[in-house]
Each structure stands twice: as C-alpha cells, then as structure tokens.
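[1] sequence and predicted model, in that order:
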Amino acid sequence: MSQRFRIAVDVGNSSIKIAHTPPQNTQHDVDLCIVRVSLTGTDWQSQMAALAGSFPESSGSVQWLIASVNSVGCDRLTTWIQQHRPTDQVRVIDRADVGIETDVRMPHRVGIDRLLAAKSGFDLASERSAIVIDAGTTITVDLVSAAGVFRGGAILPGLGLQFRALHEATDKLPRLEPPDDLANMESPGRDTQAAMELGVVSGIVGAIDRLIESFQTQCDVSQIFLTGGDAKRLSPAIRSSHRIVADMPLRGLYGIELSAPHSP
Ligand SMILES: Nc1ncnc2c1ncn2[C@@H]1O[C@H](COP(=O)(O)OP(=O)(O)O)[C@@H](O)[C@H]1O
Ligand SMILES: CC(C)(COP(=O)(O)O)[C@@H](O)C(=O)NCCC(=O)O
Ligand SMILES: [K+]
C-alpha cells in the first residue's frame, strides 16, 4: 500500500464526507477525523482549504481516494484538487477496488457507496450476514450474505427528499424540514404539517421494518447497521434492533487495499 498521507472522500448526492487520520497517528485502525462538506454551499472551497491546511507538513503530496455516486460533485472535487494541490495523487475507485462479490443483475450499476457500506457491515459483523441501512439523500437497505456477497436491496427516497417532493409536486403543501422526534408522531395527523410528517415517517420506517423482515426470511441476519446523515434521527423509530455506525461507506473506503493503479 502507498505510504502517502491518505485522504478518503465519499461523494454522495447531498454532501461529501472526508476522512483522514489525525496527524499524530499513522495507524489505520485509530479513529478517523471526518469532515462533512456540502458542495452546493457557498463556502465549500474555504472548507477544503482549511482541511488541506491541517494536513501534516511532512506528508508531502497526498493520496486522495474517492468513491463517488455523484459525477458533478466528483468533478468539482477533482478540479479543486488539480488546481490547489497539483502534486497530489487522485484515485477514483471502482467496484473491483472494493473487493466484494455481488449477486445482482447488473453489478456495474450498483452504487459504490452501497458496496462499501456492505463491505463495512460484513467486516463489523465478524464476517456474518448483515443488513446495512444508509439513510442519506436516498435510503438504501441492503443485504450482505454470510459468504460476504452483496445480494442487492432496496432504494427509496430519503427523509429530506420526500418532504421536498411533497412541496414541489403540489400547490398547497408547505416546504417542511424533517421533524426531530420521529418516535412520537401525532397519529392521525390533525393538520397538514402533522399529516405530512406522519405520512413520510411512517412510509420510511414501515418500509425499513418490512424490508428487514423480508431479508431475514432469506438469510439468518446476524446484525443490522444504520448509517448516513439521518441515521440518528431515524433510529428511535425503527423497531428491529440495530447498531448505528457513522459513515460506513467512508470507513470502508479509508481502509481499502488498492491493487496496482489503473492505466490511464
Ligand atoms: N449537517 C448536516 N447538513 C445537511 N444534512 C444533514 C446534516 N446532518 C444530517 N443531515 C441529513 O442528512 C441527509 C443527507 O445525508 P448524507 O448521508 O449526507 O447523504 P448523501 O450520502 O446522499 O450525500 C439529509 O436528508 C439531512 O436531513
Ligand atoms: C442509490 C444511490 C443514489 C444512493 O446515493 P446517496 O443517497 O447515498 O447519495 C447511489 O448508490 C446510486 O446512485 N446508485 C446507483 C444505482 C444502484 O445502486 O443500483
Ligand atoms: K444512501
């Protein structure tokens, strides 16, 4: 593996998550520094500059490992690196780099974040079958078998996206932010806001619980993991017992062993 100072970046549809080892540590198993940056915000370039300013001076050039499901975000990031850190090495990883077998119809179409999160879940479950729920822009609920094979899953609109869609597709529904307390909803909802909140949250939580039940009939699932920007908010409302692990795709990416660089 390269000895360069490594930065791992998970480029999602709402934000990018960036991980590096704190400067005083060189081991890969220590806890990571993780920063979240929204590439649609106005100050992302200054956030990137501040982050780069914290890299140890001795590190010289840096190896950026990027996993992306958002090509616009990935282009913005790689252009920034080329302009501001021209000697750094950049590698955008693909499915082969993740090293997880798949049993799906079109393996090349599966989001790299789903594969990385599944790999993290399998490792954390001590190489037993797992369900990984990633609650971000979308919510993915995926199954990895006891043999470590990514078996596919489900994709549904995330919490923020559902509220946005209700507002944008109608004349009368207001623009709402997701509520904080999802475990204690007014039911039935007695005004528009309460009805929207109850509808969206019941849809998401009901879907997650149903998917877990369905996957469990196919696999003796040993652990269920919940990750992503909305994990903490959703957790109290999900019935099945589960473990919250922050930034699973990013953690999977950071520890990846790379094969020889791809030819240009
Ligand atoms: N600091 C934050 N900024 C923006 N969204 C956040 C933040 N913390 C939690 N969220 C929630 O995280 C969700 C996006 O999750 P994230 O994992 O970043 O998505 P993605 O991986 O698709 O980029 C949004 O629906 C939002 O409700
Ligand atoms: C499902 C996703 C949109 C999730 O992205 P996210 O919500 O994490 O930003 C992404 O993994 C993706 O673009 N997947 C490609 C289709 C597939 O996984 O089958
Ligand atoms: K997701």
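    Looks like it came in fine. Residues are numbered from 1 along each chain as shown. Ligands and ions are numbered 1, 2, ... in the order given.

[2] taking the stretch 1-150 of the chain, what residue is nearest to ligand 2?
    Gly111 (1.9 Å; CB to the nearest ligand atom). For glycine as for every other residue, the C-beta is placed from the backbone atoms N, C-alpha and C.

[3] can you tell me the closest non-neighbouring residue to that residue?
    Computed as CB to CB, 6 or more residues apart in numbering, the closest residue to Gly111 that is not its neighbour in sequence is Val69, at 4.5 Å.

[4] the one you found reaches Val11, doesn't it?
    Yes. Counting by CB atoms under 8 Å, Val69 touches Val11, with 6.8 Å between them.

[5] residue of the stretch 151-264 of the chain closest to ligand 2, please.
    For the stretch 151-264 of the chain, CB to the nearest ligand atom, closest residue to ligand 2: Ile155, 4.7 Å.

[6] max-length helix in the chain?
    helix 192-216 (DSSP state H).

[7] if you average the pLDDT over it, what comes out?
    What helix 192-216 shows for mean pLDDT is 98.

[8] re earlier: the residue of the stretch 1-150 of the chain closest to ligand 2: neighbour count?
    When counting by other CB atoms under 10 Å, one arrives at 21 neighbours for Gly111.

[9] show me which residues of the chain are close to ligand 1?
    Contact residues, the chain versus ligand 1 (CB under 6 Å from any ligand atom): 12-15, 36, 136-137, 158-160, 178, 228-230.

[10] out of the residues you listed, which is most surrounded?
    Result: Gly228 is most packed of these (other CB under 10 Å), 29 neighbours.
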